[in-house]
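Q: Would you be able to build a 3D model of this:
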Amino acid sequence: VTVDLDPSTAGDQTTLVVPGEGTWTYNPATGELTFDPEDGFTTDPTPIDYTLTETATGLTDTATVTIEYNVIISGTVFNDLNGLTDGTVNGSGTDAGGLYANLTDNATGLVIASVQVDTNGTYIFYSSDGVEENETYEIILTATIQTVGATLTTATLPLTWTSTGEHIGAGFGNDGTVDSKLIVSTTNDGVTKANFGIVRVPDVTPIITAVPNVMHGETDFSIIVKVREMNVVVTNGLITVRIPKDTRWTLDGSYDPNLTVIDGTSLNNLDWSYSSDANNHIFTTTSEIAAGGFSTFGFNATWNAGQTRGFCTITSQIDSWSGGEERNDNNVDAEKLDYFIK
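A: The predicted structure follows:
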């Protein structure tokens with residue numbers, strides 16, 4: 001292959017002796033010389049001899065350039081907001097605030113390489129990271145960098161994020177198991193679009209208040225429950241709040257969905273439905289709670305502990321997974337009541 005390094009004037013030309021495993025292309029506008037290897041081209045560093053000839057004088061010089069050929073595995077981590085309901089791992093690229101893609105040996109589970117996911121969600125493993133052609137690997141996402149040679153079998157995501165699915169390719173489909181792990185098998189062309197879907201999930205927590213919270217004999221009082229979303233993510237699905245029954249207090253009549261204010265606190269009672277079982281007062285809603293927002297319900301009640309005194313704790317408990325949440329260690333709140341004989 002002969003290319004003129006400066007086609008505007010007579011001068012230097014470069015003659016390349018090419019081993020024949022691909023196609024050379026020269027761009028005189030940029031001076032860029034590119035090599036596109038044929039399928040089956042060796043992945044070993046390949047020395048290529050070339051001769052530089054100065055046309056005007058006929059002087060020549062020879063040298064060798066070594067071509068490094070990479071087998072790569074690459075892909076994108078997507079913020080898959082629709083949760084794979086469209087059957088496709090897609091969305092906008094994300095690193096979830098700090099994420100690593102780990103290349104592991106599919107047979108042993110040993111970490112071969114651990115690379116940080118870019119802020120746009122992309123990641124890539126090169127031959128220099130240990131990728132070889134015609135091998136099978138498992139890519140596993142983690143929230144922290146992993147040690148090469150350590151055993152890794154389970155994915156971990158940053159707090160408040162969860163998996164939606166994984167797939168090789170940009171089209172419809174998934175690997176069948178939602179776990180932020182993906183098995184890939186390389187050819188001499190490598191693997192691209194080894195994609196992961198994750199999504200940030202909501203987190204709901206209750207805040208219960210009794211007004212008043214000091215009882216003197218038989219006392220009318222009110223209970224207010226504010227259900228707050230903590231992760232700045234809109235809730236989805238059923239939310240259930242349970243308040244255990246207690247013989248010392250009862251609802252004042254029935255739950256009023258049209259009640260809008262208690263003690264200056266605005267209520268969303270119309271969004272909540274009331275039912276009960278042998279042990280609990282049960283409040284449910286399928287209305288969305290805005291990202292970082294809250295929904296509040298309340299009711300009036302009557303306290304009557306007879307000729308006794310002491311204290312009582314009223315609790316509100318949100319059922320696990322309510323509203324699409326994953327975190328459930330903050331689903332209980334309590335209000336302490338002091339009561340006396342009138």
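Q: Help me confirm that residue 243 comes into contact with residue 279.
A: No - if you go by Cβ atoms under 8 Å, residue 243 and residue 279 don't touch, sitting 10.1 Å apart. Every C-beta, even on glycine, is put in place using the N, C-alpha and C of the backbone.
Q: more crowded one of these two?
A: Legend: neighbour count by other Cβ atoms under 10 Å for residue 243 and residue 279, higher for residue 243 (19 against 9).
Q: To what extent is the residue lying closest to that one once chain neighbours are set aside buried, counted in neighbours?
A: In space, and not counting its chain neighbours, residue 243 is closest to residue 281: 4.5 Å by Cβ to Cβ, 6 or more residues apart in numbering. By the measure other Cβ under 10 Å, the count of residues near residue 281 is 21.
Q: swap in residue 102?
A: Close neighbours of residue 102, defined as other Cβ under 10 Å, add up to 25.
Q: Which phi and psi values does it adopt?
A: phi -120, psi 130 (degrees, to the nearest 10).
Q: Okay, strands next: where are they in the stretch 51-200 of the chain?
A: 60-67, 73-79, 92-93, 100-105, 111-116, 122-125, 136-142, 161-168, 181-185, 194-200 (DSSP state E, counting those that start in this stretch).
Q: which residue sits closest to residue 127, ignoring its sequence neighbours?
A: In space, residue 127 is closest to residue 70, 4.7 Å off (Cβ to Cβ, 6+ apart).
Q: Distance check, the one you found against residue 138.
A: For residue 70, the distance to residue 138 equals 20 Å [Cβ to Cβ, to the nearest Å].
Q: Give me the residue at the spatial middle of the protein.
A: What sits nearest the mean C-alpha location of the chain, by Cα atoms, centre = their mean, is residue 198, with 3.3 Å.
Q: Distance of that residue relative to residue 188?
A: 31 Å.
Q: and what of residue 155?
A: According to Cβ to Cβ, residue 155 stands 28 Å off from residue 188.
Q: Mind checking which of these two has more residues around it?
A: Taking other Cβ under 10 Å, residue 155 and residue 188 do not tie; residue 155 has more neighbours (19 against 16).
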